[in-house]
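*Asks:* please find the sequence and the predicted model below.
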Amino acid sequence: MAVMSAMLVSASCAQATETIEWPDGKKAAIALTYDDALDTHLDAALPQLDAHGFKATFYLTLENEGFLNRTEEWRAVAENGHELGNHTLFHPCQSSLPGRDWVQPEADLDAYSVARMVREIALTNQLLTLFDGRSSRTFAYPCGDSTAGGESYVDAIRPLFDGARGVASYSPDATYDFYQVSTYGPEDVSGDMLIDYAEGVLEEGGFGSFTFHGIGGEYLTVSPEAHAELLDWLDAHRDEIWIATFQDIVTYTKDAG
């Protein structure tokens with residue numbers, strides 16, 4: 001089921017980008033993204049990425065201890081060419097959705113206003129600029145939730161970002177939106193399952209993205225071995241697939257379109 005949903009997501013991206021000529025004659029594009037500023041991103045994922053020379057996007061939640069306790073390491077991540085994306089100050093999510101009993105009242109998007117959400121997101125941008133000196137970046141919706149107080153905040157944040165990564169499922173009738181780009185969020189899967197998704201993106205000739213959380217620990221975990229198998233496969237197909245930050249792929253695709 002995970003592989004099938006991943007294939008459908010890749011098809012939705014390919015549908016919107018089928019006329020794009022990717023850089024250097026590549027056939028498809030894939031962004032590797034990592035959410036929440038977790039310790040395993042620095043300890044497990046980053047060494048593997050750097051060994052292959054891949055540049056990734058790390059969507060940072062600035063309240064998380066994985067960011068606050070290791071700020072200089074995150075600064076070095078940016079200096080090495082990776083994107084520091086905006087994943088908000090406090091990672092607010094909607095408590096009203098099923099399985100959200102863990103959402104704390106102070107971080108409940110159902111109790112937010114759009115204005116409050118935009119204010120916190122804009123402040124996160126300013127703080128991230130202190131680390132990487134960049135005036136533009138991309139955004140990832142916490143929990144995939146894009147409403148505050150029952151009202152969409154998607155249009156309100158468009159001026160702040162080049163694009164945004166959502167978790168929308170595939171629909172053949174969907175209008176492609178660079179501020180709700182679909183993704184594949186694996187958990188407890190094999191390397192072969194990760195590669196299946198990448199193969200689907202390559203076959204469709206589109207723009208795919210992975211959303212990772214824990215790598216070998218923490219939560220929503222993928223093993224370091226599976227992660228390494230994916231990177232090895234991508235390395236073997238780097239003449240066909242453009243591996244770049246989410247921001248680089250989005251801005252290229254928008255300009256090419």
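*Replies:* Thanks, I have the structure now. All figures in this text were calculated on a predicted structure; none of them were measured in a lab. Residues are numbered from 1 along each chain as shown.
*Asks:* helices or strands up against whichever strand in the chain runs longest?
*Replies:* Determined from DSSP state E, the single longest strand within the chain is strand 28-35. On a contact count with 3 or more Cβ pairs under 8 Å, 6 or more residues apart in numbering; DSSP states H and E, strand 28-35 meets strand 57-60, helix 191-204, strand 207-212, strand 241-243, helix 246-256. Quick note: C-beta positions are derived from backbone N, CA and C, even for glycine.
*Asks:* just give me how far the helix or strand just after it sits from the chain centre.
*Replies:* Going down the chain from strand 28-35, the next helix or strand is helix 39-40, by DSSP states H and E. Between the centre of helix 39-40 and the centre of its host chain there is 16 Å, according to Cα atoms, centre = their mean, to the nearest Å.
*Asks:* still on that earlier bit, out of the helices and strands packed on strand 28-35, which is the most enclosed?
*Replies:* strand 57-60 (a mean of 28; mean count of other Cβ atoms under 10 Å).
*Asks:* CA-only coordinates of the helix or strand following that strand in PDB, if you can.
*Replies:* Per DSSP H and E, strand 57-60 leads on to helix 65-68 as the next helix or strand towards the C-terminus. Taking only C-alpha atoms (Å, rounded to 0.1, in the frame of the first residue of the first chain), the coordinates of helix 65-68 have been written out as PDB:
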ATOM      1  CA  GLU A  65      15.800  20.500  21.000                       C
ATOM      2  CA  GLY A  66      17.500  19.000  18.000                       C
ATOM      3  CA  PHE A  67      17.800  22.600  16.700                       C
ATOM      4  CA  LEU A  68      18.300  24.500  19.900                       C
END
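*Asks:* how far does helix 65-68 sit from the chain's center?
*Replies:* The chain centre lies 18 Å from the centre of helix 65-68; the measure is Cα atoms, centre = their mean.
*Asks:* need the contact partners of it.
*Replies:* Surrounding helix 65-68, the residues in contact under the criterion Cβ atoms under 8 Å, 6 or more residues apart in numbering are 36, 37, 38, 39, 41, 42, 60, 61, 62, 74.
*Asks:* mind listing the strands for this structure?
*Replies:* Along the chain, counting by DSSP E, strands occupy 28-35, 57-60, 83-86, 139-140, 147-148, 151-152, 164-165, 207-212, 241-243.
*Asks:* ok, so of the contacts of helix 65-68, who is nearest residue 108?
*Replies:* Distances from residue 108 to the contacts of helix 65-68, taken as Cβ to Cβ, are shortest for residue 61 (15.6 Å).
*Asks:* looks like the closest one contacts residue 88 (just checking).
*Replies:* Yes. Assessed by Cβ atoms under 8 Å, residue 61 is found in contact with residue 88 at 5.9 Å.
*Asks:* need the residues touching each of those two.
*Replies:* residue 142.
*Asks:* tabulate the strands of the chain (TSV), appending mean pLDDT and distance to residue 253.
*Replies:* Shown next, in TSV, are those (pLDDT from 0 to 100; distance: least, Cβ to Cβ, whole Å):
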stretch	mean pLDDT	distance to residue 253
strand 28-35	98	8
strand 57-60	98	15
strand 83-86	98	15
strand 139-140	98	16
strand 147-148	98	26
strand 151-152	97	23
strand 164-165	96	13
strand 207-212	96	6
strand 241-243	98	11
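*Asks:* of those, which approaches residue 103 most closely?
*Replies:* Between residue 103 and those, the shortest separation by Cβ to Cβ is 13.3 Å, and it involves strand 147-148.
*Asks:* paired strands for that closest one, with orientation please.
*Replies:* Strand 147-148 has these partner strands in its sheet, going by DSSP bridges: strand 151-152 (antiparallel).
*Asks:* please consider this matter closed, and thank you.
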